[in-house]
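Trainee: A predicted structure for the sequence below; I have some questions about it.
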Amino acid sequence: MVRLLVVEDSTQLRELVAAFFAKEGTWIVDTAKDGFQGLQLVEKNDYDIAILDIMLPGPSGFDICKILRRKSNCPIVFLTALGTEDNILKGYGIGADEYMVKPFSLKVLYAKCLALLARSMDGTKKDQVLSCGTIRIFPSRMQVLCGNDEVELAPKEYFLLKVLMENQGHVLGREKLLDLVWGADFEGSDRVVDNHIKKLRKALGPHGNSVKTVIGGGYKIVP
């Protein structure tokens, strides 16, 4: 799961961004309506990526960015109505990785966040490799290799594979996979897991037989 912080004083926009990311199921989204809440969340939690407005009640997005950058190398995206060159340069100057001016496209924002996560070299993640037989995952760039061949996976299939490999050899039930990949608030049928397992196996080709079905239990991955 990817933990995202969204700090935005507009209730409608804040909820819109949070809902768009949350529906992908691989995101835990924390939201703050002002700079005070934003700073509290930054001090309390570790985030994989943050989306910050600049003009906020209380501390500004610039203030939050400075404090967040002191404790983390996570990607930071400014999402703001301030589009002047001075503000853009200031944003990048204090540590932002991306600067988007409102109005904006949710799809473009999502794509930019995925790209930033893929390039993120945060801490030990940059050297971490998950392996299971011929399958390898490089989390820092969200890359999957089967043997020497790169495999392109949709976000849900990628995170489903990652969760299975992080729990290699252990059986994960459908409910557990729903919580880990789709999120605890997912309201659909647990059979959605079966459909994405099929897609994952198909994408992995001959390597897909590493993903085993455990009757009455769920799924596991083995070499």
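Mentor: Thanks, I have it. From a predicted model like this one, the values you see are computed outputs, not experimental measurements.
Trainee: domain map for this structure?
Mentor: As assigned by automatic domain parsing, the chain contains the domains 2-120, 128-221.
Trainee: confidence-wise, which of those domains is weakest overall?
Mentor: Lowest mean pLDDT within the domains of the chain: domain 128-221, a mean of 86.
Trainee: what is the end-to-end distance of that one?
Mentor: 19 Å (C-alpha to C-alpha, to the nearest Å).
Trainee: now do the helices in the chain.
Mentor: 11-22, 35-44, 61-71, 85-93, 106-119, 155-166, 174-177, 191-204 (DSSP state H).
Trainee: burial count for the residue nearest to Y47 when sequence neighbours are not counted?
Mentor: Once its chain neighbours are removed from consideration, Y47 has its nearest residue in L5; the separation is 4.7 Å (C-beta to C-beta, 6 or more residues apart in numbering). In short, each C-beta sits where N, CA and C put it, glycine included. A total of 24 residues lie near L5 under the criterion other C-beta atoms under 10 Å.
Trainee: start at 653 instead
Mentor: With the count now opening at 653, the last piece we talked about shows up as L657.
Trainee: which residues does L657 bridge with?
Mentor: Beta-bridge partners for L657, by DSSP bridges, are D682, A702.
Trainee: list the contacts of it.
Mentor: The neighbours of L657, taking C-beta atoms under 8 Å, 6 or more residues apart in numbering as the test, are 682-684, 690, 693-694, 697, 699, 701-704.
Trainee: ok, 7 Å please
Mentor: With contacts defined as C-beta atoms under 7 Å, 6 or more residues apart in numbering, the neighbours of L657 are 682, 693, 699, 702.
Trainee: which one (most neighbours) among those residues?
Mentor: Going by other C-beta under 10 Å, A702 tops the contacts of L657 with 28 neighbours.
Trainee: for K872, name its beta-bridge partners.
Mentor: Once the bridges are assigned, which here means DSSP bridges, K872 pairs with K864.
Trainee: burial check on it, number of neighbours?
Mentor: When counting by other C-beta under 10 Å, one arrives at 17 neighbours for K872.
Trainee: from memory it sits against H822, does it?
Mentor: Yes - checked against C-beta atoms under 7 Å, the pair K872 and H822 is within contact range at 6.1 Å.
Trainee: thinking again about what came up before, make JSON lines from the helices of the chain and add distance to T786 to it.
Mentor: Rendered in JSON lines, the data for the helices of the chain read as follows (distance: least, C-beta to C-beta, whole Å):
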{"stretch": "helix 663-674", "distance to T786": "32"}
{"stretch": "helix 687-696", "distance to T786": "40"}
{"stretch": "helix 713-723", "distance to T786": "38"}
{"stretch": "helix 737-745", "distance to T786": "41"}
{"stretch": "helix 758-771", "distance to T786": "22"}
{"stretch": "helix 807-818", "distance to T786": "12"}
{"stretch": "helix 826-829", "distance to T786": "22"}
{"stretch": "helix 843-856", "distance to T786": "9"}
